[in-house]
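A.B. asks: Fold the following and give me the result.
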Amino acid sequence: MKMSQNTCLVSLYLSVAVTVLLAGCSKNLSTSAGDQTLVPGPSAPSREEMGFGKPEAPPEARVAEPEAPPLVARQAPTEAAPAATDRLAELASKLADVFFDYDRAAIRNDGKATLERDASLLKSENGWKLLISGHCDERGTLAYNLVLGERRAQAAMRYLGDLGVPTAQIQVTSYGKEKPFCTEHNKDCWQKNRRAHLALQ
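C.D. replies: A predicted model of the protein is given here:
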């Protein structure tokens with residue numbers, strides 16, 4: 001009888017010990033490394049909290065921003081060209097023609113005074129191109145008057161050159177009696193047509 005009681009006590013103690021051991025093992029198993037995801041705990045800190053900022057979007061998700069147009073320096077409107085044009089127009093309006101005697105190409109005294117004023121005006125301005133055209137009255141042949149008109153234009157250019165005007169900026173031509181300034185058939189009209197005409201190009 002005593003043996004059976006002792007056996008029962010031993011069995012009871014063993015059962016309790018096994019139960020305690022099993023409980024401890026199950027607790028260890030539930031917290032093993034493989035089951036950590038099943039156990040609630042504090043969440044991992046975000047990238048912003050760790051100081052890395054927001055994650056970049058993948059390259060394919062990025063939207064290219066339009067490039068700003070290049071800055072173009074604005075040029076201040078220049079007034080040099082209009083001013084030069086105005087000065088040349090004023091110069092052209094002040095140039096005077098030279099008149100000649102009948103069948104002559106020599107510069108008269110009144111023509112010399114005129115060319116001296118013209119030379120002073122031309123030397124005061126830059127950037128001009130001058131055309132001197134020789135003209136004749138209606139008398140004489142077409143061929144003769146073309147040659148005479150050329151001589152008159154050349155004489156005016158030479159005189160201006162002697163006064164210091166750059167002849168490289170002067171061109172001469174002859175119209176003979178083809179482009180009269182006056183179309184009446186009298187001495188006054190003929191005198192008006194015997195000239196060297198100065199015009200800026």
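A.B. asks: which residues does the closest residue to Gly111 other than its chain neighbours bridge with?
C.D. replies: In space, and not counting its chain neighbours, Gly111 is closest to Val98: 4.1 Å by CB to CB, 6 or more residues apart in numbering. For the C-beta atoms, the positions are set from N, CA and C on the backbone; glycine is no exception. On the basis of DSSP bridges, Val98 is bridged to Ala196.
A.B. asks: so who does Val98 touch?
C.D. replies: Ile107, Gly111, Thr114, Leu115, Arg152, Ala156, Arg195, Ala196, Leu198 (CB atoms under 8 Å, 6 or more residues apart in numbering).
A.B. asks: pretty sure Asp110 is touching Phe100, no?
C.D. replies: No. In this structure Asp110 lies outside contact range of Phe100 using CB atoms under 8 Å: 10.5 Å.
A.B. asks: Next one: Ala80, what pLDDT does it get?
C.D. replies: On the pLDDT scale, Ala80 is placed at 52.
A.B. asks: no no, Ala76
C.D. replies: 53.
A.B. asks: related to what we said a few turns ago, name the residue in Asp110 and Phe100 with the higher neighbour count.
C.D. replies: Between Asp110 and Phe100, Phe100 has the larger neighbour count (other CB atoms under 10 Å), namely 26 against 10.
A.B. asks: Quick one: low-confidence residue ranges for this protein.
C.D. replies: For the chain, the stretches with pLDDT under 70 are 1-13, 15-81.
A.B. asks: Please enumerate the helices of it.
C.D. replies: Here the chain has its helices, by DSSP state H, at 2-30, 80-94, 109-123, 142-162, 187-193.
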